[in-house]
Every structure is written in structure tokens, then in C-alpha cells.
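> Here is the input, now give the coordinates:
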Amino acid sequence: MLNEFKAFIARGNVMDLAVGVIIGAAFSKIVDSVVNDLVMPIVGALTGGGFDFSNYFLPLSSTVTASTLAAAREQGAVFAYGSFITALINFLILAWIIFLMIKGVNRLRASVERQKAAEAAPPPEDVQLLTEIRDLLKARPSV
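The predicted model follows:
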């Protein structure tokens, strides 16, 4: 069983997946920072500071009277739709970046495949016929 586990771990797919998860987690932090530190302040500045989604919530009990989300959560249950909006923006930015990366990789792969196809393309028909005639003449016994 231990040998099977070693074989499973040694497979390239498992290692690729592990690397992908680790890079994805780090990339997620970068996207969170882009949204929270770059996008949202610009949106807030363009709208006169009215769009700070982090503190948008609806109290779900009458005991919640706070004006910030953190304080409201301490007082009771809240429906924090501002956090959802921020998470949605994070997702859309992340999805767009991944789309652009995949598009670039596909373009690069297509370019490499076109280059390989051009290198492996057969010679033109006239060159091929002349090569066959030359080979026949060489193979003919001399008299």
C-alpha cells in the first residue's frame, strides 16, 4: 500500500495540482489586494466616496445598531451583502485574468504547432518527383 501511495504522489498530475493550488492561493491574495486597495478606492473616488462596499449590511435583529460591519457582527446577525459584492468583484477580476492567461497560452501553443507543421511539411510536388527520379537513376545498375 505504501508503494502504491508513493507511485500516486510521484505522478506528474498530483504535483501539478499541488503547485496549482499553492499558486492559486497566493494569486487570490494578490487579487484581493487589487480589489480592496486599487479598484474599490477608485470606485469610491469616482462616486464621491459613496461606494465602500465593506460596510454594506442589513441587520437581521433589532439589537444591531452599529454603523460598521465589524461592530454589527459583534452585536448580532447581519446580512453582509457588501462583502459579497467585494467577493464577486474579486471573482470577476480573477476569472478575467485567468481567461487572458489561458488565451495567451493557447495562442503560444498554436504558434508552436504551426511552426512544427511548417517544419514537417512535405516538399513541393516537383521537388519530390525530381528526388524520386534521382533515386531511381542512382539505383539503376550501370551497364
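
> how about the helices of this protein, start to end?
2-10, 12-33, 40-46, 69-75, 81-119, 125-139 (DSSP state H).

> and the longest one, what does it pack onto?
By that I understand helix 81-119. Contact analysis of helix 81-119 by 3 or more C-beta pairs under 8 Å, 6 or more residues apart in numbering; DSSP states H and E lists helix 12-33 as its packing neighbours. Where you see a C-beta, it was placed from the backbone N, CA and C, and this is true even at glycine.

> can you give me the angle the helix it packs on makes with helix 81-119?
Taking axes from the mean of the first three to the mean of the last three C-alpha atoms, to 10 degrees, one finds that helix 12-33 is oriented at 130 degrees with respect to helix 81-119.

> Which secondary structure elements does helix 12-33 sit against?
helix 81-119.

> chain center to the helix it packs on, what's the gap?
When C-alpha coordinates are averaged (C-alpha atoms, centre = their mean, to the nearest Å), helix 81-119 and its chain have centres 5 Å apart.

> Flag every buried residue along it.
Of the residues in helix 81-119, those buried under the neighbour-count criterion (16 or more other C-beta atoms under 10 Å) are G82, S83, T86, I89, N90, I93, L94.
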